[in-house]
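K.L.:
just a sequence and a predicted model for now, questions to come.
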Amino acid sequence: MNWQKYFLAFIITVAIFATAFYIAARIDDRRIADVRAIQQNLALDILSTETQFDLLGEIDCDLISENPVLSNELNSLASRLAYTEENLGSDNLEVVALKKQYSLLEIKDYLLMQRVSQKCGLKPVFILYFYTNVGDCMDCRRAGEVLTYLRQTYPALRVYSFDYHLELGALQTLVGLRRVKPDLPAFVINNRAPVYGFKTLEEMQKLIPELKTLATSTPKT
Amino acid sequence: MDIGALGVGGVLFIALYFEVFLLISFFEQKPKKKTNRAPRRYPSVSIVVPCFNEEPTLAKTIYSLLSLRYPKEKLEVIVVDDGSTDNTRAIGERFAQTHQQVRFFHKENGGKYTALNLGIKESGSELVGCLDADSFVAPDALCEVIKRFEEHPETHAVVPAMHVYKPRRILELMQAAEYTFGIFIKRTFDNLTAISVLPGPFSIYRREMFDRIGFFRHAHNTEDMEIAFRMHAHGLKIRNSHTASVYTTVPTTLRALLRQRTRWSQGFLQNSRDYSYMYANPRYGHFGLLVLPFGLTMFFGALYAAGYILYTTLFFLVQRVLDLATTGVPLALPQLPRLDWFFLETGVLTFLVCAMFAVTLFTMLIGKNIGKTNIGWGSLVAYFVLYGFVAPLWLARAAWGVLLARESAWR
């Protein structure tokens, strides 16, 4: 019996597996680098707008109303981050670091947009959405679907989603300021008192009467 | 990666290991090219054609045998009608009357193995073979088989290279690719002396072998598999002649295909149980150490992988339906995949499946090359697209049949 052949086949098979793991890991690294690059660009854009605001005390409101600040970039980043999290797992250290940066950018964008809105007399609709990855939060997943649909339907709607249990000082300060309890999912709509638990599309639309003032991208149903 | 996907990874590892092992074994001893050299000697040969309701193809089968380039006085055709209810008997009798080489026997229906045994007992030749009445041989097929016996005088049986006869429909095209893969497998199993089945179309035996180990048995309707198991149990060698081409008709409908493959698969499980002592037993060489354990592992591995994919797909669909019902979000048409490399599925399993496809395709191309098979890309596409969906059906039916101790249906 030629045992060497059995061993050689094993080594080659292991090598094929190792190659598959290596390629998959390299592509995941590229994804993380891609997300990081977008985050850096976004951070620069936010900083630039903030600086412009601080320097001049005013910004071009026409431009702001025509091109909602960074909304598209944030949405693109959110979908990429969600995909990366789905593939690598929510407890992956790189994913956690990216989520922290993303949450910080969201908070900065949220604060900046509030200042811009005041200055320019805009009436945007803000939703702070708190979810959790702890356990199997089916209500969080479904709430996410409703918000995704609303965001697609009303491009001007600004949804900021946060992992409630993410260990990030700024996020915990926001949670404290808005008095959000760990009864998730939770929503803070236009700085009103938090609303808890899953809400259907219809219930959500009733909770946000301001939606009627927003333009839609698709016919309302 | 969840535990279910890990299991699929394990199945892929075993499947890849097996294919890599076969490739190494193939290249260790590459097959010789076909030559025009005639056999040194022409031993007497009897070909038994067992038939049951084979009216549409029997005449063509007999004509193909009569057209073999072999001395007429050395070749006889024994047609055994196993109680047909159609015109088979009349066709057989007509050939016996008009061709000296053909003998015809009619008996009550008793199963294919009884018809084969009758023919073998009636034959007095040095070699005896069988040919299913839905198959046709190439004119030089017998000479190629004889040359293989000459190259390895210790051989007790030789199996040919099987091709699908004029594949046209999609299931035939799929099987044409599968049979091409089979040409590679048989050739490599030859190198390993581990051929696991002696198919009905044109397997040729030394006649004295039957006196030594007995005749065909019912063997759960897979007498061609059981005889191979028994030969290995007795240490008798089986060889493959990849240059001996036989063309067989294959099921054209899913129903017929499932019935045929369920019988084969169930026969494998039941014969495995009967010959369980050969499993992982080095005494039986690569057949006991690799072919049998791998066959059984892949039987259940393929069922597991198919079950996992079915479960995850159904789970996803049910979840989507429940989400839609719960959230009140209107149903939208499925979106086209995003043309962005970022969202391409590039998990480890994806690359492993690609590697598996690539290795399988490579082995098929080897089979096509050595068997001079005329299959096109249509066959390959049909195989890679369809086989993964239909094979689990017959595997599941076979496992279910064994569990219920139910006899598999022949037709």
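P.N.:
Sure thing, it's come through. Residues are numbered from 1 along each chain as shown, chains lettered A, B, ... in the order given.
K.L.:
can you map out the helices along chain A?
P.N.:
Along chain A, counting by DSSP state H, helices occupy A:3-56, A:61-66, A:71-88, A:93-120, A:138-153, A:169-177, A:201-207.
K.L.:
same deal with chain B?
P.N.:
Under DSSP H, chain B gives helices at B:3-28, B:58-66, B:88-98, B:112-122, B:141-151, B:170-191, B:207-213, B:223-233, B:254-274, B:285-286, B:292-327, B:348-371, B:377-403.
K.L.:
which elements pack onto the first one?
P.N.:
When you say that, I think you mean helix B:3-28. In terms of contacts (3 or more Cβ pairs under 8 Å, 6 or more residues apart in numbering or on different chains; DSSP states H and E), helix B:3-28 is packed against helix A:3-56, helix B:170-191, helix B:292-327, helix B:348-371. Quick note: C-beta positions are derived from backbone N, CA and C, even for glycine.
K.L.:
in TSV, list these along with mean neighbour count, mean pLDDT and distance to residue B:58.
P.N.:
Below are the helices and strands packed on helix B:3-28 laid out as TSV (neighbours: other Cβ atoms under 10 Å in any protein chain shown; pLDDT from 0 to 100; distance: least, Cβ to Cβ, whole Å):
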stretch	mean neighbour count	mean pLDDT	distance to residue B:58
helix A:3-56	15	88	45
helix B:170-191	23	97	20
helix B:292-327	15	94	33
helix B:348-371	18	95	26
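K.L.:
for residue B:166, grab phi and psi.
P.N.:
Reported as degrees, to the nearest 10, the phi and psi values for residue B:166 are phi 40, psi 70.
K.L.:
for it, which residues are in contact?
P.N.:
Residues near residue B:166 by Cβ atoms under 8 Å, 6 or more residues apart in numbering or on different chains: B:172, B:247.
K.L.:
separation between it and residue B:64?
P.N.:
Distance, residue B:166 to residue B:64, using Cβ to Cβ, to the nearest Å: 13 Å.
K.L.:
find the closest residue to chain A in the stretch 51-200 of chain B.
P.N.:
Ranked by Cβ to the nearest Cβ, the top residue of the stretch 51-200 of chain B for proximity to chain A is residue B:192, at 9.3 Å.
K.L.:
tell me the contacts of residue B:147?
P.N.:
For residue B:147, the contacting residues are B:37, B:39, B:241, by Cβ under 8 Å, 6+ apart.
K.L.:
nearest to chain A among these?
P.N.:
residue B:241 (23.6 Å).
K.L.:
nearest to residue B:229, out of the helices and strands packed on helix B:3-28?
P.N.:
Among those, helix B:292-327 comes nearest to residue B:229, with 8.6 Å by Cβ to Cβ.
K.L.:
quick one: neighbours of the closest residue to residue B:226 other than its chain neighbours, just the number.
P.N.:
Nearest non-adjacent residue to residue B:226, counting by Cβ to Cβ, 6 or more residues apart in numbering or on different chains: residue B:219, 3.3 Å away. By other Cβ atoms under 10 Å in any protein chain shown, 18 other residues sit near residue B:219.
K.L.:
so who does residue B:219 touch?
P.N.:
By Cβ under 8 Å, 6+ apart, residue B:219 lies in contact with B:113, B:225, B:226, B:227, B:267, B:271, B:274.
K.L.:
just the buried ones from these, in PyMOL syntax?
P.N.:
In PyMOL, a selection of the buried entries from those looks like this (16 or more other Cβ atoms under 10 Å in any protein chain shown):
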select buried, chain B and resi 113+225+226+227+267+271
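K.L.:
would CSV of the contacts of residue B:219 with distance to residue B:75 be doable?
P.N.:
Shown next, in CSV, are the contacts of residue B:219 (distance: Cβ to Cβ, whole Å):
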residue, distance to residue B:75
B:113, 23
B:225, 27
B:226, 27
B:227, 22
B:267, 30
B:271, 31
B:274, 35
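K.L.:
do you know how far residue B:293 is from residue B:345?
P.N.:
32 Å.
K.L.:
kindly report the residues of chain A close to chain B.
P.N.:
With Cβ under 8 Å from any Cβ of the partner chain as the criterion, chain A comes near chain B at residues A:1, A:5-6, A:8-10, A:12-13, A:16-17, A:19-21, A:23-24, A:27-28, A:31, A:34, A:80, A:83, A:87, A:141-142, A:145-146, A:149, A:198, A:200-202, A:221.
K.L.:
now with 7 Å?
P.N.:
Residues of chain A found near chain B (Cβ under 7 Å from any Cβ of the partner chain) are A:1, A:5, A:8-10, A:12-13, A:16-17, A:20-21, A:23-24, A:27, A:31, A:34, A:80, A:83, A:87, A:142, A:145-146, A:149, A:200-202, A:221.
K.L.:
contacts only, for residue 112.
P.N.:
As the question left the chain open, I've gone with chain A. Counting by Cβ atoms under 7 Å, 6 or more residues apart in numbering or on different chains, residue A:112 makes contact with A:46, A:49, A:50.
K.L.:
correction: the question concerned chain B.
P.N.:
Neighbours of residue B:112 in contact, by Cβ under 7 Å, 6+ apart: B:50, B:82, B:223.
K.L.:
nearest to residue B:374 among the residues you listed?
P.N.:
For the contacts of residue B:112, the nearest to residue B:374 is residue B:50 (28.4 Å; Cβ to Cβ).
K.L.:
and that closest one, what's its pLDDT?
P.N.:
Predicted confidence (pLDDT) for residue B:50: 97.
K.L.:
cool, the one 5 residues further on as well?
P.N.:
Looking at residue B:55, its pLDDT reads 94.
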